[in-house]
Structures are given as C-alpha cells and as structure tokens.
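> fold the following.
(chains A, B and C)
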Amino acid sequence: MRLSITNLQVSFGERRVVDLAELAVGEAEIVGLAGDSGSGKSVTTLAVLGLAHTVGATVSGSIRLDGAELTGLSHREMREVRGRRIAAIFQSPALAFSPVYRVGSIVHRALRLHGMTRAEAAEAAERAMRQVLLPPGLLDRYPSQLSGGQLQRVAIALALALHAEVLLADEPTSALDVTVQAEVLELLRELRDRERMSVLFISHDLAVVAELCDRVAIMQHGSIVEQGPTSQVITAPASPYTAELLASVPRLAAGAGQ
Amino acid sequence: MTSPEGAGPAVPPGPDGTARAAAPEPEGAAPGMPPRPADATRTVDAKPEETARAGTARPGDATRAETPKPQETAGAGPPLLDVTDLAVRFGPVRAVDGVSLRLAAGPFGLGLVGESGSGKSTIGRAVVRLVAMAGGQIRFEGKDVAALRGSALKRYRRAAQIVFQDPDNSLDPRMRIGASVTEPLIAHRIVTRRLAAGRARELLAEVGLDPELVSRYPHQLSGGQRQRIAIARALSVQPRLLVLDEPTSAIDVKAQARILRLIADLRAGRNLAYLLITHNLGIVSELCEQTAVLYLGRVVESGPTTELLSVPAHPYTQALRSAVPEVDMAARRSRLILPGEPPDAARPPPGCVFHPRCPLAIGRCATEVPALREVRPGRQVACHRAEEVLAGVKTGARTSSG
Amino acid sequence: MIEAPSTLPAADARLPRGQALRRGLGANPLMVVGALMSALIVVIALLAPLLAPFPADAGSATHPFLVLHPPSAQHWFGTDNVGRDIYSRVLYGARISPLIAVIVLAISCAVGIPLGVAAGYFGGWLDETIMRVTDIFLAFPPLLLALALAAVLPASITTVIIVIALTWWPWYTRLIRGQAASVAGRPYIDSCRALGISRWRIIFRHILPNSITPLIVQVSLDVGGVILTVSALSFLGLGAQDPTPDWGLMVAEGQDYFLTSWWVVTFPGIAILVTAFAFTLLGDGLRDLMDPKRIFLR
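Numbering: from 1, shown residues only, chains lettered A, B, ... in the order given. Modelled structure (predicted):
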C-alpha cells in the first residue's frame, strides 16, 4: 500500500473529531472518502499532510507512506514529504495561489524548492501543463486571469511535475461547474492510469465518488462506518448511514438515461 | 397527516438503481428520510390572519395529501409570470440577453439550469426587481413589473419572493431568528407585533424546524437550518411566486435532500409557483415540470423537464446532461467532454455563442445566430442542427467511459 | 477547513439577555477593569469639588510660598510653579480633557456616521461627492487648520473642540462607509429589499448595527488621541488657558520644571495615560461583547 493510515486519532483538546481505524490507498488507485460536513474528512487530510497542528489539533496513530512512518517526522522532514511526495489540491484553487504572482512563478518556486534548477523547473512546468491539457502560455498569467477549473488543473500539474506519489484531493470539484468537473475527474483518472498516482479523493458528493473511485470509505462522526469496492458499497450499502447518504443524492428522472 | 413521502420506504432498497429507475419518486421525496418534525405541528398552521389569498390552499389542507407529480402539460393556463426578451447588462457584460420564460400559476416549477456565468441568477434577481432591466418585459399576473411603484410595488414584493444560495449570509447575524422571520410581517403590517412571535413559531414549524429556534442567532444553526429560516422568511408574506436561487448548493447532501422535500411540500401546500435556479440537473428533474437551459445569458433550450433531459435537442444540454455524475451504475453513460471554457460575456463569440465549444459546430454556426424555435411540441431549441441532435447524431467530442 | 459542530447546546441559546451579558463580562475581565476605570473617571469628574482638598487651586489661586513642593502628606502630588495643589488640579482635570474628548467624538460621530452610511449604502454620485469632501478635510494638517482658525476665533476650549472635530470626522466617515458598503452587498440586505422593507428600516436595523462595531472600537481608542491633541493645542496656546486645570496644559507647562520637579508633569501625564488606557480596554471589550458569536462561543 502506498499510503496506509491506521488508528488515526485527531483531537481538538478533549474533543476527538477523527477516530479512523484503517484506510489505505494502493498504487494507481483512487480511494474516496465520503461523508457529510462535520464528519472529519478535512481534518483527516490535514493530519495526513502533517498540518493538523496548524489548526490546533493533536494527532496520534500511524500514517505510512510506502511503509515509512510519517507521524514522528519533524516539521522540516514533513515539509520535504509534503509537496514532493504527497501533493494536495483543495476546494478553492483561487485561495491556493497568491494573487500577486504569476502562476508560472508560483509553480517554478515550488519546483525549485524541491531541488530543481531553474531550467529543469521551467521544463517540468511546461511538460506538466501539457499533461493536464493546458497551454503552457497560461503560466505567464496571474491567478485571477484563470478560471477555477484551469487553476485546479495547474495545481494538479504541480503535483505531476513533482512526481508526487500520493495526491490528496479535498473536494477539488465542489466549486466547479459540472462540465468543468467532468474534465477534472477525467484528468484524475488519467493520472491514475498513466502516472500510476494514488489519489485520496475527499468529497461530500457520493455521485462523484461513485463515478471516480475504485474503492470508497464512508465517514461519519470521525469514524469510517463502511468501506469497500465502490460498486459494492453503492449497490449494497451495509451501513444505514451510507444508505441515507445515497438516498439524498438527487437523481435525473427515470427514463432520462438514453 | 399522511404524506406520500412519509409512506415511503424507511431505507432504500438494496440495489437502488433499478428500483428507482422503474418508479419515479414524487418530486423531492428521497426515500429513507426521517419524517419531518414539522408534520406533527402542521395543524397549527391554519390561523385566522393567515387567510389565504384567492385560490391558494392553506398548508394542512387536503390538497397536501396528493402531492401532484410535475405534469408536463401544466402551464396551459394564463401565465403567472411572463418574461419576454429580458436583457440585463452590467457595463459591457450582457449578463442576460433576450431571455423569454413563462411560469404557470402554482403549483408549478420552472427550472433554470446553467453554469456559472450563464445569467441564471441575474434573471432571478431581475424577476424580484433586485437588478434593473436593460430591455424586455417582465409581467406578473399581466402587470408590467418594471412599472410598479409605491404600494403596487409593495404588493408585488409580497407576491414574489426570493431565497438565496448562501445561507450563511442571507440572515442578519445580529438578529435573532424570530426577529428575522417576523421582520417582513411587521414591515408590511400583516400581523401586529404582539401576534408576530406566535406567527414566527408557526412558520418555523412549517419549514420543519423546532419553533424554539426563534430565540437563536443564525450562527448557532447549521447551513440547512439557516436555509429553512430563509425560506420561512420568504414565505411569511404569503408569496405566490418564489425564486429559489441555488437553494441547496451551499449545504450538505442530507440537508439538501430535506430542503428539496420541503420545497415539494410547500409547492403543494401553498400552491406555490417557483423559479428554481440551479446547476444541478438532478434537482430540476425532481422538482420542475419545465426547464430552460441557459448558456451565456441566452436560453439555448427549453421544454418539459423529463423530455429535455432524456432526449436533449441542444449539444450543450447533451454535454451538461452527460457531465452529471451518477450514483447508479446502470444510469452511467459515456461522457461528452466539452473543450475549453465558457467565453467571456463581455465579448461573446459571433454567431451561436456555444459554437467555439460545440462538438457539432459547422461553418454556419460561427456567423449566424440560431433563433429559438419549436422543434417538437412544447420544445424550443436554439441550434441549427437540433434535428440532427434529436435524431442522435454522433458528436465528435472527446468522450470518456467513466 | 475545520468542521466544527454548528449547533450549540440549547441551554446556551435560551439565556436571557442579562445573563448572557454577565457571562460576556465574566469572560472578559479586562473589559470589566476598563469599564470600572472609566466609571471612576466619570465619578471623579462629578465629585471633584468634594474630593479635591484644595478646590480653589483648580482656579486662579496662587500660593507663592508653596511653589514646586514635592509630594507630601498634605499635597499628595506636590505643587506646581505657582504653588497650586496638583492633586486637586488633576481631579478637576477629569472635568476638562475627557469632556472635550467626549464632545469632539460625539460631534465626529454625529457627522461621520450618517455621511458614511449614506455613501456606503447608496453608492454612486452621492458616495463620490461625500468621499471627495472628506478628502479635502483630510488634506488639512490639524495643527495648520487650528492656527488658521485661531487667527479668527478666540483661543478657548470651544475653538479646540471645533478644530479637532473638523479634522476628526472624515476618518469616521471613511471607516463607516467601507463597512456599510460591504454590508450592503450581503444577501440579507438583498433579501430585505426583495421583501419590500423600507430603506430607512434597512439602514437603521441592518446596515448600521452591522457596520458600527469597528467605529465603536475606534472611538474608544481615540479618546486618548483626542486628549493628547487637546494638550498639543493647549501647548501652542490655542486651547485651554492657564487657570483651567487641563491635563494637557499642565503637562505642557510643567515641561520647564521636569528635570527639577518631576511631579508637575508626571501626575497629569499619568491621568492622561490612565484615561486613554481605560477607554481602550472598554473599547476592546465592547467589540467582543457586541459580536453575537463571541457571547456564546467563549
């Protein structure tokens, strides 16, 4: 397993918000983590990124990347892992890019921070932009000149350029239009197939999870109530909570399927 | 107190997809939802001061029991709202450019579907006179809305209401819930200050909330609860038309399902007509008889919802339809992925505004603006190749098997 | 990013207003200190004639044999260069500088708030006009304006109040305008407009309460600033004149004796400091108290 989380507990003081027995993502696999807001999905992302302390949470348990334990690492070592080996994309790409720098300079700086020379960074950035089907010319623009979908793809391109092994995608399409969402989901599938990337896809939208993910874990009140292959969880939910979530998804009218 | 959804199964059947595909649910009635707390308190709704307007049934009436399924034939009577050739501009941006819509008297739902920048919210805001029109006409019960002044405008404000997308900011953070809900009642002198508190509790009960919430502040409630409060506030003046501007896109899936069910209940209980603005085709399919699809400030297709979604006549509707993620494996289809981004509304492309992204575009599309025309009874499309789309022409777009 | 439970136990919400207030105060002891200190200053101002051991010294009395005595059992804060009891003068001073500050700030609010709300809520040409006018007022350095006015008006406390208020209100207009404009764009204001709620009600019930908090904080922080400005003007001979026991004036006049008689400057200086500090604490606390989220979330 690329990424394996066992007995992860995240607490704010006395209040335990995540108590996660086991969750693993294999190579070239997209695993969905689904649940309502307040279920602890986002805090789990932060814990895996080693950033839980920034919001005042304490973490215990084990998070392993290719078998190596991450929880004991120093902030400095963790910074090396984060970005380089574990990349993350979030719901609001506009907030992930500082508006005063050109997109390219943000990408280049991130690449050079992880040991590339100026020339290598420029080349890697261009290659990655083409991989995510964006014209490299967009690197010369400012974040405000790109659409949400484009920025999200730039964020994915950055993960690609760094050859990240694991991508944490926290509601990456929730703020996007459906047609743009379809493009981003398609891109994630390609990354899985071509780059053999492991993706932990966090979403409240079961329909998206059902379409994209190979396996899915359903989270409620900080714990996983059910996990398994997507088709199994979706067609025969074992937990009433999963069934309730599934029933909540608005569907196209019967007969709408051609 | 028996409602169709209350009688539904407690938990959806195991292999969900097939069961659902066979029998369409009453709109908004997601199975497995717990019965709404409001159901127990419904009876208190019939109060003297709530005397319904002519033709509107009171909540709790017998009409509630037979929640009508959206009928495609509805809308035959004189329209409640008639929008013709509406245009709204923000500086150089033509946010809405020649949109015509008709909304029958309630219970009736018209879905306004489109992506960001399509102008759908602007249309809703123009209908309730929150933005000025640059052209066209909006008629409500035959009266020109733009010309209303003084007390006539005040009456219109009571007849047509709006609920916004963002429940976090649609209530004054410094006002207790009770005050927010009764503010319009007091402003319009519908009830006296003394009776207002009781009315607030009734309204909260009607939208399925604990009446005790009147003493809370908005930040103490969840997004779904705040959205119900916003609905209660809009309902307090007994509107006949409700503009619902993405009412569920900022809240949880479970809360969303409950809000949709509430809308379905209100539609029947209050004989509401609504303009439901959303990017979610699933929602219109559950709640709206008619749907109009917008792209860059123009209607590209309109018609009965089920038909429009099952056999789209416009390539954009087709793409939108195929981009919707499906939970049911059986309902999945190959994806049609549109290239590029929606164009800038300040500089719309010539000809058909959709042609730069359209998989079916031909030379004519780049020069000639397609008129909205009837291709089948009740179905209007603005596309030169609509007949071919209806006939199922293969598009050249990138597809994905999902 | 943090998903905190958004609903709180019901018990919290049903607290009667008074109890909520007490809880808010209990959670903010510094504000209680600020409020008590501010109240004490008001009490001192009111009871100065009863508290001061030498009431006459607040006026034009002089005692040639008591000049510049250090603090003693009889004169707690010492005496000044004409032999007046500094303690008595500091107590009486609570009637001058804080009062000037309150009047100046009240005038500034009375002018600044309506203009700011109007500019922010209505926007357009009204906004443009109001903001250009504030720019003109802000362009004048306060002291220059004071000197100019002093040429036409007699040096007095009234002059000081007029001069400071003239240069103070534009800041409040700007502050309120920004707040009001941002509040005016929120959906709940749109909701009110769609509901046909009158313009005045929207302004007084929604825009104003939601824009005023930063101003209240700013005003309480400004009390110290105004007192210092009054002192500066007094020092330039434009404000209160000698027998008036104004703290700023006392500091200004005591400067000459600072190296030999530290008490002349120190005690009025401390009075200014304490007053400014008290109102600052009060303002900080008010900001917390006026945010409904904070009352309950602490």
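> shaky segments in chain A?
A:253-258 (pLDDT under 70).
> is any residue of stretch A:186-204 near chain C?
No: residues of stretch A:186-204 are not located near chain C by Cβ under 8 Å from any Cβ of the partner chain, the shortest gap being 10.6 Å. Using the backbone N, CA and C atoms, a C-beta is placed for each residue, glycine as well.
> pull out the buried residues from that stretch.
A:186-189, A:191-192, A:195, A:197-204 (16 or more other Cβ atoms under 10 Å in any protein chain shown).
> greatest separation within these: which pair is it?
A:Glu195 and A:His204 (26.3 Å; Cβ to Cβ).
> correct me, but B:Leu262 touches B:Ala232?
No: using Cβ atoms under 8 Å, B:Leu262 is not in contact with B:Ala232, being 9.9 Å away.
> shared neighbours of the two, anything?
B:Val207 (Cβ atoms under 8 Å, 6 or more residues apart in numbering or on different chains).
> now name the helix or strand holding the nearest residue to C:Ala94 once chain neighbours are set aside.
Distance criterion Cβ to Cβ, 6 or more residues apart in numbering or on different chains; nearest residue to C:Ala94, sequence neighbours excluded, is C:Ala45 at 4.0 Å. Under the criterion of DSSP states H and E, C:Ala45 resides in helix C:29-51.
> gap between the next helix-or-strand element following that helix and the chain center?
Going down the chain from helix C:29-51, the next helix or strand is helix C:86-93, by DSSP H and E. Distance, stretch centre to chain centre, for helix C:86-93: 20 Å (Cα atoms, centre = their mean, to the nearest Å).
> what angle do helix C:86-93 and helix C:29-51 make?
Helix C:86-93 runs at 110 degrees relative to helix C:29-51, counting by axes from the mean of the first three to the mean of the last three Cα atoms, to 10 degrees.
> list the helices and strands helix C:86-93 packs on?
Judged by 3 or more Cβ pairs under 8 Å, 6 or more residues apart in numbering or on different chains; DSSP states H and E, helix C:86-93 is in contact with helix C:29-51, helix C:247-254, helix C:263-290.
> of all those helices, which one comes closest to A:Val81?
helix C:263-290 (40.0 Å).
> about what we covered before: what sits up against the helix holding C:Ala45?
Residues outside helix C:29-51 that contact it (Cβ under 8 Å, 6+ apart) are C:25, C:55, C:58, C:91-92, C:94-95, C:98-99, C:274-275, C:277-286, C:288-289.
> can you tell me which of the residues you listed are buried?
C:55, C:58, C:91-92, C:94-95, C:98, C:275, C:277-286, C:288-289.
> quick check: B:Leu209 vs chain C, distance?
11 Å (Cβ to the nearest Cβ, to the nearest Å).
> does any part of stretch A:44-58 sit near chain C?
Yes: using Cβ under 8 Å from any Cβ, stretch A:44-58 reaches chain C at A:Leu46, A:Val55.
> buried ones in that stretch?
For stretch A:44-58, by 16+ other Cβ under 10 Å, it's A:Thr44, A:Thr45, A:Leu46, A:Ala47, A:Val48, A:Leu49, A:Gly50, A:Leu51, A:Ala52, A:Ala57.
> for the fourth one, what are its contacts?
Contacts were defined as Cβ under 8 Å, 6+ apart; by that measure A:Ala47 touches A:Leu8, A:Val10, A:Val18, A:Ala57, A:Val59, A:Ile63.
> pretty sure the last one is touching A:Thr45, no?
No: with contact defined as Cβ under 8 Å, A:Ile63 does not reach A:Thr45; the gap is 11.4 Å.
> who's in contact with B:Gly117?
Counting by Cβ under 8 Å, 6+ apart, B:Gly117 has contacts B:Leu296, B:Pro342, B:Ala345.
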